[in-house]
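Undergrad: model the following, please.
(one chain, ligands or ions: 1)
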Amino acid sequence: MSKIALITGANKGIGLETARQLAHRDVHVIIGSRDRAKGVEAALRLQGEGLAVEALSLDVLDAASIAAAVGEVTQRHGALDILVNNAGVMLDDPAKKVSEQSLDVWRRTFATNVFAMIEVTQAFLPLLRKSAAGRIVNVSSLLGSVTLHAQPGSPIYDFKVPAYNCSKSTVNAWTVQLAYELKDTPMKVNAVHPGHVKTDMGGPAAPMELVDGAKTSVALALLDASGPTGAFLHLGESLPW
Ligand SMILES: NC(=O)c1ccc[n+]([C@@H]2O[C@H](COP(=O)([O-])OP(=O)(O)OC[C@H]3O[C@@H](n4cnc5c(N)ncnc54)[C@H](OP(=O)(O)O)[C@@H]3O)[C@@H](O)[C@H]2O)c1
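TA: Residues are numbered from 1 along each chain as shown. Purely as a prediction, here's the structure:
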């Protein structure tokens, strides 16, 4: 039987490409999207390529939407093998200094990138525990690396979008905390840097194509029992926290 994967924010960008690549690896993929029409459109596109995918309404900021999504997945599949927490936002105003970003931006960034990720994970953990080997992939960013932000000359040193960066540092920290809880189970949870990828968020000048940007999430979603947990990875390489 195929594994079942749910990807949040999978109607476009890295999430959609992750859905495509997982479906090519014989995973049945549930495309989560906050806008139902966009999710259905994305699912139809992949179905048109002969892939086994379905759409699911899931606004990660809405507790009722999360509860309804858990109900749907329970009813349709009874278990979940892979959760890819991919939905994310970057809201910092690039014209403002680190100290000038508004509290509203900080709160909205953490609401989606951190608190919603925790809430979605908590909600789907019972279904993941029913899998023989549940996998949780938290889509983070190299921009969450505190070590590299503190290092003059590092590739991210001058890229200070603080609300986004600190939200991804927290995603990394959360991943380590959850991995501790799950260490004596078959489950694994890891944080991913996809690369700087051409998407609406990454911009058209980003050096990495979508096809490569999805590879790390796909690899960690399909980890076997010998794979890492509580790690921060990009294309098989460990990254500095
Ligand atoms: N692109 C890069 O260079 C890069 C680098 C490092 C990390 N990342 C991370 O990779 C992930 C995917 O980014 P991307 O580049 O593919 O960005 P993107 O093209 O902007 O896609 C973001 C996705 O998240 C969804 N989303 C946002 N808020 C949501 C909510 N409340 N509920 C459900 N879905 C929500 C968006 O839905 P809508 O279409 O409805 O807005 C969209 O599907 C993010 O976590 C991002 O931080 C990206």
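
Undergrad: check what pLDDT the residue nearest the centre of the chain gets.
TA: Residue closest to the average C-alpha location in the chain (Cα atoms, centre = their mean): Asn86, at 2.3 Å. You'll see Asn86 listed with a pLDDT of 98.

Undergrad: so it is in contact with Thr18, correct?
TA: Yes: between Asn86 and Thr18 there is a contact under Cβ atoms under 8 Å: 6.5 Å. No exception for glycine: its C-beta is placed from N, CA and C like everyone else's.

Undergrad: which neighbours do these two share?
TA: Listed as contacting both Asn86 and Thr18 by Cβ atoms under 8 Å, 6 or more residues apart in numbering are 7, 10, 217.

Undergrad: count the neighbours of the second one for me.
TA: As a burial measure, Ala10 scores 33 neighbours (other Cβ atoms under 10 Å).

Undergrad: list the contacts of it.
TA: The neighbours of Ala10, taking Cβ under 8 Å, 6+ apart as the test, are 16, 18-19, 29, 31-33, 39, 42, 84, 86.

Undergrad: spatially nearest residue to it, not counting backbone neighbours?
TA: Among residues not flanking Ala10 along the chain, Ile31 sits closest, at 4.2 Å (Cβ to Cβ, 6 or more residues apart in numbering).

Undergrad: flag every buried residue along the longest helix anywhere in the chain.
TA: Secondary structure assigned by DSSP state H gives helix 162-182 as the longest helix of the chain. Across helix 162-182, burial judged by 16 or more other Cβ atoms under 10 Å covers 162-172, 174-176, 178-179, 182.

Undergrad: extract the CA atoms of it and return them as PDB.
TA: Extracted in PDB, the C-alpha atoms of helix 162-182 (Å, rounded to 0.1, in the frame of the first residue of the first chain):
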ATOM      1  CA  PRO A 162      14.700  39.400  11.600                       C
ATOM      2  CA  ALA A 163      11.100  38.200  12.100                       C
ATOM      3  CA  TYR A 164      11.500  35.600   9.300                       C
ATOM      4  CA  ASN A 165      15.000  34.600  10.400                       C
ATOM      5  CA  CYS A 166      14.100  34.200  14.100                       C
ATOM      6  CA  SER A 167      11.000  32.300  13.200                       C
ATOM      7  CA  LYS A 168      13.100  29.700  11.300                       C
ATOM      8  CA  SER A 169      15.600  29.500  14.200                       C
ATOM      9  CA  THR A 170      12.600  28.600  16.300                       C
ATOM     10  CA  VAL A 171      11.500  26.000  13.800                       C
ATOM     11  CA  ASN A 172      14.900  24.400  14.200                       C
ATOM     12  CA  ALA A 173      14.800  24.600  18.000                       C
ATOM     13  CA  TRP A 174      11.200  23.100  18.000                       C
ATOM     14  CA  THR A 175      12.500  20.300  15.700                       C
ATOM     15  CA  VAL A 176      15.100  19.300  18.300                       C
ATOM     16  CA  GLN A 177      12.600  19.400  21.100                       C
ATOM     17  CA  LEU A 178      10.100  17.200  19.300                       C
ATOM     18  CA  ALA A 179      12.800  14.800  18.200                       C
ATOM     19  CA  TYR A 180      13.700  14.300  21.900                       C
ATOM     20  CA  GLU A 181      10.100  13.300  22.700                       C
ATOM     21  CA  LEU A 182      10.000  10.900  19.700                       C
END
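
Undergrad: so which elements touch it?
TA: helix 103-110, helix 116-129, strand 135-139, strand 188-192 (3 or more Cβ pairs under 8 Å, 6 or more residues apart in numbering; DSSP states H and E).
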